[in-house]
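Trainee: One predicted model, sequence on top.
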Amino acid sequence: MRHLMSPLDFSVEELDYLMNLASDIEADPGKYAHACAGKKLATLFYEPSTRTRLSHEAAMLNLGGSVLGFSTADSSSAAKGESVADTIRTISCYADICAMRHHKEGAPMVAAKHSRIPVINAGDGGHQHPTQTLTDLLTIRGLKGRLENMTIGLCGDLKFGRTVHSLIHALVRYPGIRFVLISPEELRLPSYIRSDVLDQQDIPYEEVVRLEDALPNLDLLYMTRVQKERFFNEEDYVRMKDFYILDRKKMELAPEDMYVLHPLPRVNEISVEVDDDPRAAYFKQAQYGVYIRMALILTLLEIEV
Ligand code: NCD
């Protein structure tokens with residue numbers, strides 16, 4: 001039995017397989033409409049979510065399966081003090097696969113250890129978010145036609161943003177990837193990723209504070225929200241929250257084919273006027289999230305169509 005904890009749980013070849021399957025699902029959804037008939041997905045969400053939870057659920061429903069779960073910790077027995085280990089032992093009796101989001105780094109790993117069903121990490125604190133990375137890879141491949149030889153700008157909260165952490169881990173395995181890390185000093189990429197991943201593997205990167213300086217040289221811009229819930233005090237958040245605002249004027253500095261991705265939710269970091277720009281790809285990205293999660297569910301359940 002396989003779980004998904006980190007994007008590195010899949011080899012580059014397996015990622016290719018997943019993305020090809022997702023593209024086939026997109027092209028011919030009818031073929032997969034009953035693939036998971038009789039199967040159940042449990043969504044165990046101890047932290048807020050719109051896209052991740054509902055796209056996992058939509059994915060399972062699109063495959064003809066059913067869904068059950070909770071969307072807040074306080075509506076589950078966690079509020080009574082139940083451990084993740086006990087919860088997953090119970091859920092293993094009710095469902096065939098589950099997706100778990102938790103505020104504590106490592107909680108889905110604890111679940112996987114005690115689970116009889118595949119566990120998908122749907123985001124654990126400021127650590128990892130592998131299904132968002134699968135979504136991002138499929139989106140980049142769909143838009144740019146490749147995953148290699150690219151300069152990628154990662155902008156915003158690089159310290160607490162788990163989507164960025166997972167995406168870096170995944171992308172360094174492709175040749176010719178360079179990063180421009182765009183963040184305020186206080187929200188720089190943690191050194192455990194900068195040194196242990198980028199430096200160790202000799203991945204070219206630069207760190208800049210001004211978005212305007214980076215824009216002309218990017219193939220892709222990945223914007224992120226300042227992660228309010230991970231700040232220790234409100235004052236720091238308020239100081240940081242509007243540090244970056246991508247607007248129409250700044251988009252004029254960017255190449256014609258520089259797509260803008262964002263895992264969403266957006267707060268202020270992308271002005272709504274950018275939504276009409278043909279390079280704004282974040283809602284398309286949300287759509288890709290359903291196809292790749294369908295492919296993931298089929299793969300973890302070992303269902304062949
Ligand atoms: C992200 C997350 O939860 O980490 N959202 C998502 O899953 N699409 C990004 C965020 O919350 O900023």
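Mentor: Done, it's in. Numbering: from 1, shown residues only.

Trainee: burial of R230, as a residue count?
Mentor: By other C-beta atoms under 10 Å, 15 other residues sit near R230. The C-beta positions use only the backbone N, C-alpha and C, and glycine is treated the same way.

Trainee: same question but for E185, I mixed them up
Mentor: By other C-beta under 10 Å, 7 other residues sit near E185.

Trainee: Just give the closest residue to it, not the sequence neighbours.
Mentor: V209 (7.0 Å; C-beta to C-beta, 6 or more residues apart in numbering).

Trainee: okay, F232: pLDDT?
Mentor: What the model reports as pLDDT for F232 is 88.

Trainee: State the distance from L221 to A73.
Mentor: Separation of L221 from A73 (C-beta to C-beta, to the nearest Å) stands at 34 Å.

Trainee: In terms of packing, which of these two has more residues around it?
Mentor: Using other C-beta under 10 Å, the more surrounded residue of L221 and A73 is L221, with 26 against 16.

Trainee: before we move on, the earlier item: tally of neighbours for the residue nearest to E185?
Mentor: For V209, the neighbour count with other C-beta under 10 Å is 14.

Trainee: Mind checking what secondary structure the closest residue to the ligand within the stretch 51-200 of the chain has?
Mentor: For the stretch 51-200 of the chain and the ligand, the shortest gap (C-beta to the nearest ligand atom) falls at T52, measuring 4.1 Å. With DSSP: H, G, I helix; E, B strand; the rest coil as the basis, T52 sits in helix.

Trainee: Write out the residues of this structure neighbouring the ligand.
Mentor: Residues of the chain lying close to the ligand (C-beta under 6 Å from any ligand atom) are R51, T52, G123, H129, Q132, R162, T163, T224, R225, P263, L264, P265.

Trainee: The fourth one: what's it in contact with?
Mentor: When you say that, I think you mean H129. H129 makes contacts with T52, N121, A122, G123, R162, T163, H165, S166, P263, as judged by C-beta atoms under 8 Å, 6 or more residues apart in numbering.

Trainee: Any figure for the gap between the fourth one and V238?
Mentor: If I follow you right, that is G123. As judged by C-beta to C-beta, G123 and V238 stand 24 Å apart.

Trainee: Then the first one?
Mentor: The span separating T52 from V238 equals 26 Å under the rule C-beta to C-beta.

Trainee: quick one, which of those two is more surrounded?
Mentor: A direct count of neighbours by other C-beta under 10 Å for T52 and V238 places T52 higher, at 25 against 12.

Trainee: out of everything not next to it in sequence, what's closest to the more buried one?
Mentor: Distances taken as C-beta to C-beta, 6+ apart place A122 nearest to T52, at 5.0 Å, with adjacent residues excluded.

Trainee: again with K159
Mentor: Nearest residue to K159, sequence neighbours excluded (C-beta to C-beta, 6+ apart): L187, at 4.5 Å.

Trainee: I figured E212 hits K249, correct?
Mentor: No - contact criterion C-beta atoms under 8 Å: E212 and K249 do not qualify, at 9.5 Å.

Trainee: so A295 sits in a strand?
Mentor: No - applying three-state DSSP, one finds A295 to be helix, outside a strand.

Trainee: Surely it and D16 touch.
Mentor: No - using C-beta under 8 Å, A295 is not in contact with D16; the gap is 11.3 Å.

Trainee: What's the local residue count around E186?
Mentor: Using other C-beta under 10 Å, E186 has 12 neighbouring residues.

Trainee: and it, that one's in a helix?
Mentor: Yes - under three-state DSSP, E186 falls within a helix.

Trainee: Which residue ranges of the stretch 201-305 of the chain form strands?
Mentor: Shown for the stretch 201-305 of the chain, the strands assigned by DSSP state E, counting those that start in this stretch span residues 205-208, 220-223, 259-261.

Trainee: Give me the packing partners of the first one, helices and strands only.
Mentor: With contacts defined as 3 or more C-beta pairs under 8 Å, 6 or more residues apart in numbering; DSSP states H and E, the secondary structure elements packing on strand 205-208 are strand 177-182.

Trainee: how does it look with 10 Å?
Mentor: strand 150-155, strand 177-182, helix 211-214 (3 or more C-beta pairs under 10 Å, 6 or more residues apart in numbering; DSSP states H and E).

Trainee: in the last one, what's buried?
Mentor: So that's helix 211-214. Neighbour counts over helix 211-214 (16 or more other C-beta atoms under 10 Å) mark L211, A214 as buried.
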